[in-house]
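K.L.:
give me a model of this one.
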Amino acid sequence: MATQQRGLTLYFNDGSRMSLQFPRQTDNVAAAQLKLENALKQRYMLFESEGTLMVVPFESVKYFQVYPAPEKIPGHTYVTGAKIVD
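P.N.:
Numbering: from 1, shown residues only. Modelled structure (predicted):
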């Protein structure tokens, strides 16, 4: 059984970062794909954390990491087995 715990680290343009941990949001792979596509189209992400709503606009984010990595992302260029060397 796959781990239920998920995580996301946001790396901001100013050099700061924020890490979040959360439970699996859905067991439906297609629904998870739609959530990712929606976030990319909307250009912001919404998070509920400890009773607050956080709105993170992509303009303030350099990049983000999601773990564990999805097995595949249909319709997107997706390189597997990459290693950060720099």
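
K.L.:
report whether residue 46 is found in a strand, as I expect.
P.N.:
Yes - with DSSP: H, G, I helix; E, B strand; the rest coil as the criterion, residue 46 is part of a strand.

K.L.:
neighbours of it, how many?
P.N.:
Neighbours of residue 46 under the rule other Cβ atoms under 10 Å: 10. To be clear about C-beta, it is placed using only N, CA and C from the backbone, and glycine gets the same treatment.

K.L.:
so what pairs up with it in the strands?
P.N.:
residue 55 (DSSP bridges).

K.L.:
give me the distance between it and residue 52.
P.N.:
11 Å (Cβ to Cβ, to the nearest Å).

K.L.:
contacts for the helix or strand of the chain with the lowest mean pLDDT, please.
P.N.:
Between all helices and strands in the chain, the lowest mean by mean pLDDT, DSSP states H and E belongs to helix 29-42, at a mean of 78. With contacts defined as Cβ atoms under 8 Å, 6 or more residues apart in numbering, helix 29-42 is touched by 25-26, 45, 70, 73-74.

K.L.:
top of these by number of neighbours, please.
P.N.:
residue 45 (20 neighbours).

K.L.:
okay but it is in contact with residue 56, surely?
P.N.:
Yes - look at residue 45 against residue 56 with Cβ atoms under 8 Å: they come within range, at 4.8 Å.

K.L.:
taking the contacts of helix 29-42 together, which two end up most distant?
P.N.:
45 and 74 (20.5 Å; Cβ to Cβ).

K.L.:
residue boundaries of the strands in this protein?
P.N.:
5-12, 17-23, 44-49, 52-57, 61-67 (DSSP state E).
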